[in-house]
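Asker: here is a sequence together with a model predicted from it:
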Amino acid sequence: MVHSFYRQRETLASAIALRPRDAAAAIGVSPSTLERLTKSGEITVVKIGRVRLYELSVLESFLKSRRAVGEEVTA
């Protein structure tokens, strides 16, 4: 029997987009900081009905752009 933790990791590993809580954790910020970054347009979101999804490629690009500029994400 596979524990739910491992099933969740497998699901995230094969995902192309994440829900807000998982997206925030993936880039190491709080959900409220992710919301602020989304509202400011620094990170884009895909809406499907009421579901908001963050594409992994967008999250990776955001992190790379911050590293190149040398800025830190602040809450």
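Answerer: Sure, I can see it.

Asker: contact partners for the residue minimising distance to the centre of the chain?
Answerer: Note on the chain: the residue nearest the mean C-alpha position is residue 23, at 2.3 Å, using C-alpha atoms, centre = their mean. Contact criterion C-beta atoms under 8 Å, 6 or more residues apart in numbering gives 34, 54, 59 as the residues in contact with residue 23. Using the backbone N, CA and C atoms, a C-beta is placed for each residue, glycine as well.

Asker: ok, residue 46 next?
Answerer: 17, 52, 53, 54, 55.

Asker: please report the distance of it from residue 38.
Answerer: In this structure, residue 46 and residue 38 are 11 Å apart, going by C-beta to C-beta, to the nearest Å.

Asker: could you find the closest non-adjacent residue to residue 44?
Answerer: residue 58 (5.5 Å; C-beta to C-beta, 6 or more residues apart in numbering).

Asker: no more questions from me, cheers.
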